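**Q** sequence plus predicted model, see below.
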Amino acid sequence: MAKKSSKMPKWIRDTLETVIMIAVLMAAYNFFGPLVFKNGSYFPWWTYPYSVGAALLIVGAWNFAARKFRLLNQQLKDEEAAKQRAQAEREKQAARQDQQEAVKRRNRNQSKQQSR
């Protein structure tokens, strides 16, 4: 089956995927940790929702900022490419004009030599 395009922005999807993985790992660590190592330090369960909320905020802010920086970088690259294309077009136009002037000059010189 083809993957449906989601209406959700990519940075939000990435944030949710990452935070869900973090939340599952935190829960597994806190649930299975005492079974494996009884003297370990584990966080109290009442702090779990706050940890997930903090992870949502931090990872979401990071993904949002990274997206903004990527868009800004792409915009700068596009502007630079447009400047280079404009410069190349100006150079091509100048070369075409120089060639036309050279043809006119050649014709003028030939006509002067023939009239002598």
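**A** Received, thanks.

**Q** and the residue most central in space within the chain, how far from F64?
**A** Central residue of the chain (CA atoms, centre = their mean): R70, 3.2 Å from the mean position. R70 sits at a distance of 11 Å from F64 (criterion: CB to CB, to the nearest Å). Yep, even glycine has a C-beta here, placed from its N, CA and C like the rest.

**Q** next one: A23
**A** Distance from A23 to F64, counting by CB to CB: 19 Å.

**Q** likewise for A102?
**A** From A102 across to F64, the span is 57 Å (CB to CB).

**Q** more neighbours, those two?
**A** F64 (15 against 10; other CB atoms under 10 Å).

**Q** doesn't V59 make contact with V19?
**A** Yes: V19 lies in contact with V59 (CB atoms under 8 Å); the separation is 5.6 Å.

**Q** low-confidence ranges in the protein?
**A** Flagging of the chain using pLDDT under 70 yields the residue ranges 1-6, 115-116.

**Q** redo that, cut-off 80
**A** Applying pLDDT under 80 to the chain flags residues 1-6, 36-41, 111-116.

**Q** show me what the longest helix along it packs onto, helices and strands only.
**A** Ranked by residue count under DSSP state H, the longest helix found in the chain is helix 48-115. If contacts are counted by 3 or more CB pairs under 8 Å, 6 or more residues apart in numbering; DSSP states H and E, helix 48-115 sits against helix 10-36.

**Q** so for the helix it packs on, what gets flagged as buried?
**A** With burial defined by 16 or more other CB atoms under 10 Å, the residues of helix 10-36 counted as buried are W11, D14, T15, T18, V19, A23, M26, N30.

**Q** as a markdown table, those residues with distance to Q110 would be great.
**A** A markdown table is the format used below for the buried residues of helix 10-36 (distance: CB to CB, whole Å):
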| residue | distance to Q110 |
| --- | --- |
| W11 | 68 |
| D14 | 70 |
| T15 | 74 |
| T18 | 75 |
| V19 | 79 |
| A23 | 85 |
| M26 | 87 |
| N30 | 94 |
